[in-house]
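Engineer: Model the structure of this input:
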Amino acid sequence: MPLTARWRSAGRTDPGKVRERNEDAFLERPECGLWVVADGMGGHQAGHLASQMIVQALEELVLEGCFDEQLREVRQCLHWLDQRMGQTLTVVAGGAEPIMGSTVVALLIHEQRAACIWAGDSRCYLWRGKRLFQLSRDHSLRQHLIDECKLTAAQAEQQPGAHALTRALGGKEPLRLEILELQVQVGDTFLLCTDGLYARQSDESLGKALNQLPPARALDYLFDNVLLGRATDNLTGVVIGQ
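Structural biologist: Okay, here's the model as predicted:
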């Protein structure tokens, strides 16, 4: 029996309390060791289509072979989607929409190896040994100001356009994916989520949620924390545990 069969997961998405359309999407394929979260952008129906295109294409992937071969398949699929989004936008929106794009964060696990693959500000967290690790690094102007301009998080947050994305599928620039590989350990729990889920929560709150099993219970805790508040954005999360 493959090691990926040990992994259990739960996924959930909610439009929140303000937005009429949910432009988020998620995918669970625990039998293949693949999980995905996408946050569409572009407004109207373009963002909704973009995130759905991502999960549908990755759902249809035939993941075979070793870890490196599977990772290459996921990467190639995302690059193909990046090119296709511009073509689909022209057909569907008639040029009315300025962009059709989406963030993406995916987790691939095969035997003892794992990879987090992402573009944009949807995140991947790891709960290991009672500690929370943010595996992904936001591709946003805010993070760029922190990294390159040495601003504090509070200072960067106040800058105009701080939450503008610097990478995404369907953007004007060719797609540049970021990939982090790691060895999985017994007891690891992962969280993939959009900014609507993590933005209103502290690391302490995220860690408290991921310390709970099964995954559905952890996810309910996270969503309850946001939906008790204003919940101004769509929110989506997938929790993966053993």
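Engineer: who touches the worst-scoring helix or strand of the chain on mean pLDDT?
Structural biologist: Ranked by mean pLDDT, DSSP states H and E, the weakest helix or strand in the chain is helix 153-157, scoring a mean of 77. Residues outside helix 153-157 that contact it (CB atoms under 8 Å, 6 or more residues apart in numbering): Arg142, Gln143, Leu145, Ile146, Cys149, Ala162. No exception for glycine: its C-beta is placed from N, CA and C like everyone else's.
Engineer: three-state assignment of Ala218?
Structural biologist: helix (DSSP: H, G, I helix; E, B strand; the rest coil).
Engineer: Quick check: it touching Gln212?
Structural biologist: Yes: assessed by CB atoms under 8 Å, Ala218 is found in contact with Gln212 at 4.7 Å.
Engineer: what about those two, which has more around it?
Structural biologist: Neighbour count, other CB atoms under 10 Å: between Ala218 and Gln212, Ala218 has more, with 24 against 18.
Engineer: In contact with the residue nearest the centre of the chain, which residues?
Structural biologist: Nearest to the mean C-alpha position of the chain, counting by CA atoms, centre = their mean, stands Val105 at 3.2 Å. Contacts for Val105 (CB under 8 Å, 6+ apart) come out as Val36, Val37, Ala38, Cys116, Ile117, Trp118, Gly120, Ser122, Arg123, Cys124, Ser136, Leu192.
Engineer: next structured bit after the strand of greatest length in the chain?
Structural biologist: Criterion DSSP state E: the longest strand present in the chain is strand 101-110. Sequence-wise, the next helix or strand downstream of strand 101-110 (DSSP states H and E) is strand 113-119.
Engineer: which SS state does Glu28 fall under?
Structural biologist: With three-state DSSP as the basis, Glu28 sits in strand.
Engineer: give me the number of residues near it?
Structural biologist: Neighbourhood size, Glu28 [other CB under 10 Å]: 20.
Engineer: That one against Gly11, yeah?
Structural biologist: Yes: between Glu28 and Gly11 there is a contact at 4.9 Å, judged by CB under 8 Å.
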